[in-house]
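1. the sequence and its predicted three-dimensional model are supplied below.
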Amino acid sequence: MRKLSLTAATICLVAQLTTAQIKLPSPSPGASVMQTVGTTDLTVTYSRPSLKGRAPFTDAFVPTSKVWRTGANGATAFTTSTDLMVNGKTLPAGTYAIMSIPEKSDWTLIFNKDKSVTEQTYKHEEDALRVPLKSVTGGEKIETFTIGFSDVTDSTAKLNIMWADVKATADLSVDVNANSAANVDKAVAEKPEDAAVLQAAANYNLSKGRNLDQALSWIDKSIALKETFRNLSVKSQILAKMGKFTDAIPLAEKALTLGQSSNDQSFTFFKDGIEKSLAEYKAKITTMPGIKSGKGKKKA
């Protein structure tokens with residue numbers, strides 16, 4: 001009778017803990033890894049099982065040639081804030097469940113639209129993308145299952161899936177110029193009366209040689225809202241980029257005058273650049289056919 005009472009008490013205690021949702025240690029703890037590539041944010045949220053003396057990718061534990069949730073507990077989630085190229089194929093922006101099919105050499109990496117998918121509920125028709133992965137063996141032994149990013153540049157990275165001595169890698173890339181341009185256009189659309197946003201947008205177009213007429217329109221509006229040495233300097237650079245050096249010169253001169261009379265301490269960092277640009281514009285004028293040296297006017 002005492003034994004039955006203890007068992008009942010134990011069951012009751014477990015039920016209470018479950019109902020109260022008390023956080024207890026998990027054999028496969030959750031983890032999240034985030035990486036920015038250019039202007040794209042990538043996030044993986046997953047659970048990390050450990051080997052504990054077992055050998056994965058065998059018939060006994062995480063078998064090969066079968067769909068795996070690529071982690072433990074719930075589905076492994078992968079989020080990309082913009083369209084992403086995975087091994088040369090496009091994955092649209094969004095959140096997906098990562099599934100995989102481990103093999104001895106080549107794996108299959110799957111991005112599935114069902115965010116709560118399991119091995120039992122997986123449906124091929126819900127795949128957003130499937131790509132082959134090359135895996136290598138014989139490296140450092142990883143006790144706890146790990147997903148991470150490496151070899152990050154402003155437009156590329158590698159997604160690494162590592163466990164035991166196995167490492168499977170996918171090449172990721174983003175169109176950073178297209179994403180940046182989209183961000184600029186969105187910022188202007190959201191804050192069309194913000195002088196600083198308009199200046200930054202115009203400066204971006206200038207730096208990329210992109211739609212200079214649009215850049216000129218943006219910087220003119222920025223100046224109309226609030227004239228500063230910065231937006232005057234940007235306008236002079238846009239005009240120079242368009243070959244309009246005679247128009248660029250007075251703007252660069254005004255930027256210098258305005259900067260020197262302001263109390264903006266950052267002008268010190270811009271002054272040399274503006275003076276250098278002004279000298280270059282004047283030099284261009286002197287070498288232009290039909291222009292008198294230093295006058296900026298056509299010969300009679």
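-> Good, I have the coordinates. The structure presented is a predicted model; accordingly, all values stated were derived computationally and were not measured.

2. which SSE is F270 in?
-> helix 267-287 (DSSP states H and E).

3. and that helix, what does it pack onto?
-> For helix 267-287, the packing partners by 3 or more C-beta pairs under 8 Å, 6 or more residues apart in numbering; DSSP states H and E come out as helix 229-241, helix 245-261. C-betas here are computed from N, CA, C, even on glycine.

4. any idea which of those helices is most buried?
-> helix 229-241 (a mean of 24; mean count of other C-beta atoms under 10 Å).

5. what's the angle between that one and helix 245-261?
-> 160 degrees (axes from the mean of the first three to the mean of the last three C-alpha atoms, to 10 degrees).

6. related to what we said a few turns ago, name the residues that touch the helix holding F270?
-> Contacts of helix 267-287 with the rest of the structure, by C-beta atoms under 8 Å, 6 or more residues apart in numbering, involve 229-230, 233, 236-237, 240, 245-246, 248-249, 252-253, 255-256, 259-260, 291, 293-294, 296.

7. likewise stretch 52-62?
-> Outside stretch 52-62, the residues that reach it (C-beta under 8 Å, 6+ apart) are 63-64, 68, 102, 104, 163-164, 166.

8. okay, those residues in JSON lines with secondary structure and neighbour count next?
-> Shown next, in JSON lines, are the contacts of stretch 52-62 (DSSP: H, G, I helix; E, B strand; the rest coil; neighbours: other C-beta atoms under 10 Å):
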{"residue": "P63", "secondary structure": "coil", "neighbour count": "12"}
{"residue": "T64", "secondary structure": "coil", "neighbour count": "14"}
{"residue": "W68", "secondary structure": "strand", "neighbour count": "20"}
{"residue": "P102", "secondary structure": "coil", "neighbour count": "23"}
{"residue": "K104", "secondary structure": "coil", "neighbour count": "11"}
{"residue": "W163", "secondary structure": "strand", "neighbour count": "24"}
{"residue": "A164", "secondary structure": "strand", "neighbour count": "20"}
{"residue": "V166", "secondary structure": "strand", "neighbour count": "19"}
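
9. have a look at those residues and tell me the least confident one.
-> On pLDDT alone, K104 ranks lowest of the contacts of stretch 52-62, at 84.
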